[in-house]
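**Student:** This is the structure alone, sequence omitted:
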């Protein structure tokens, strides 16, 4: 199937149902999403790290995700839905469950909200510290079946602050009269004509964007010609397709089955399993077709995308930049620029300023070379300028860290 026919087919498809992801937060502060371990940064709550991972997964896939979060620290199960734009909401009533020992691993069974509250409640065992954030979930059922109000949990949606009260209209100034005369009252405003009622203007809906997970790229300028999907956006569209996208006839015969399994694992949130399948498939295809075959390079793009989803932006960056060099050597400017954009996405997820500077020099060197050659990079200067601006910010951060 060619990429062009795939684009046309995707435009006619209805929105996919949300993918289901199993999440486990253990009592020791560790967590896993779909079998992939999630680690909180220093000073960050593990619930926030889990939410950031789910948002990154939903944004990359371009489809909503339903997560069943079994939080052993709070002793409850929370159904959560994360939209494709990264916003999140509690998708049902949280259910309180008794903490269990020995079930902190990723493979532990996660009860559904419909069944977790059934049966006799077991008495909690052991000592309890201060209640964690997730213990206060609005509408959570207690062991007696009653509901108690509580603050919004860490997994819940963000809400708009109340709108400020409108300022009163200033009073019309009263003209001063002559000495000895009574003050002149201002002329009354005419009443509205009954035959011409004022139109009501409907309020404009306002949405609150979530905090970006990494340095945001500037919004592209409007253009009459739609920009094709590039980088990880193009890979995500292929993953969401009904059938795998291959480059050649021999690739379709050899790789349709393993790529179907990889795409299904990504859609289900089993990122670790998808990464193992992708690495094995790339090795086998390289042996049969050769390391520079278009199908092997195409598989490399999928592998880099999965590494990004797995929280390994450095490996994703190196895979994407190596692919860009190979595509450039093959005189495929379009594919090379797409790989450069993938590398830029992974680079923006690298938080260490020193490492970001080292990777950024390699990225900007190749990117600048592409702009001097015929191809889409020459006609798209805004993303490159944004990358250069990030290099300036990283330099300032690195200098500040060195002085500290």
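**Tutor:** Arrived safely, thanks for sending. Values in this document were obtained by computation on a predicted structure and should not be read as measured data.
**Student:** which intervals of the chain have sub-threshold pLDDT?
**Tutor:** Scanning the chain for pLDDT under 70 picks out 1-19, 98-227.
**Student:** which other helices and strands contact the longest helix seen in the chain?
**Tutor:** Looking only at the chain and at elements set by DSSP state H, the helix with the highest residue count is helix 381-403. Helix 381-403 makes packing contacts with helix 333-348, helix 353-371 when contacts are defined by 3 or more CB pairs under 8 Å, 6 or more residues apart in numbering; DSSP states H and E. Heads up, the C-betas are built off the backbone N, CA and C, glycines and all.
**Student:** Compute the inter-axis angle for that helix and helix 353-371.
**Tutor:** Orientation of helix 381-403 against helix 353-371 (axes from the mean of the first three to the mean of the last three CA atoms, to 10 degrees) gives an angle of 160 degrees.
**Student:** Which positions in helix 381-403 come out as buried?
**Tutor:** Along helix 381-403, these residues count as buried under the neighbour rule (16 or more other CB atoms under 10 Å): 383, 384, 387, 390, 394, 397, 398.
**Student:** what's the answer for stretch 82-101, then?
**Tutor:** For stretch 82-101, burial by neighbour count (16+ other CB under 10 Å) applies to 82-84, 86-88, 90-97, 99.
**Student:** deepest of the helices and strands packed on helix 381-403, which one?
**Tutor:** Greatest average neighbour count among the helices and strands packed on helix 381-403 goes to helix 333-348 (a mean of 24), per mean count of other CB atoms under 10 Å.
**Student:** which helices and strands sit right next to that helix?
**Tutor:** On a contact count with 3+ CB pairs under 8 Å, 6+ apart, helix 333-348 meets helix 232-239, helix 294-309, helix 313-329, helix 353-371, helix 381-403.
**Student:** In CSV, list these along with distance to residue 265.
**Tutor:** As requested, those are arranged in CSV below (distance: least, CB to CB, whole Å):
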stretch, distance to residue 265
helix 232-239, 10
helix 294-309, 9
helix 313-329, 17
helix 353-371, 28
helix 381-403, 30
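**Student:** Out of the ones you listed, flag the one nearest residue 337.
**Tutor:** Proximity to residue 337 (CB to CB) singles out helix 353-371 among the helices and strands packed on helix 333-348, at 6.0 Å.
**Student:** quick one on the thing from earlier: give me the subset of the buried residues of stretch 82-101 lying in strands.
**Tutor:** With strands identified by DSSP state E, the entries of the buried residues of stretch 82-101 that belong to them are 82, 88, 90, 95, 96.
**Student:** so the fourth one bridges to which residues?
**Tutor:** Going by DSSP bridges, residue 95 is paired in beta bridges with residue 77, residue 141.
**Student:** Help me confirm that it comes into contact with residue 74.
**Tutor:** No - applying CB atoms under 8 Å, one finds residue 95 not in contact with residue 74, separated by 11.1 Å.
**Student:** picking that back up, out of the buried residues of helix 381-403, who's nearest residue 357?
**Tutor:** The nearest one, if we look at the buried residues of helix 381-403 relative to residue 357 and count by CB to CB, is residue 394, at 5.1 Å.
**Student:** Please determine how far that closest one is located from residue 363.
**Tutor:** 12 Å (CB to CB, to the nearest Å).
**Student:** picking up where we left off before, nearest to residue 324 among the ones in strands among the buried residues of stretch 82-101?
**Tutor:** Taking CB to CB as the measure, residue 324 lies nearest residue 82 of these, at 30.5 Å.
**Student:** Enumerate every residue touching the closest one.
**Tutor:** With contacts taken as CB atoms under 8 Å, 6 or more residues apart in numbering, residue 82 has the following neighbours: 51, 54, 55, 57, 58, 64, 65, 67, 88.
**Student:** out of the residues you listed, which are inside helices?
**Tutor:** Within the contacts of residue 82, membership in helices is found for 51, 54, 55, 57, 58, as judged by DSSP H.
**Student:** Perfect, that will be all.
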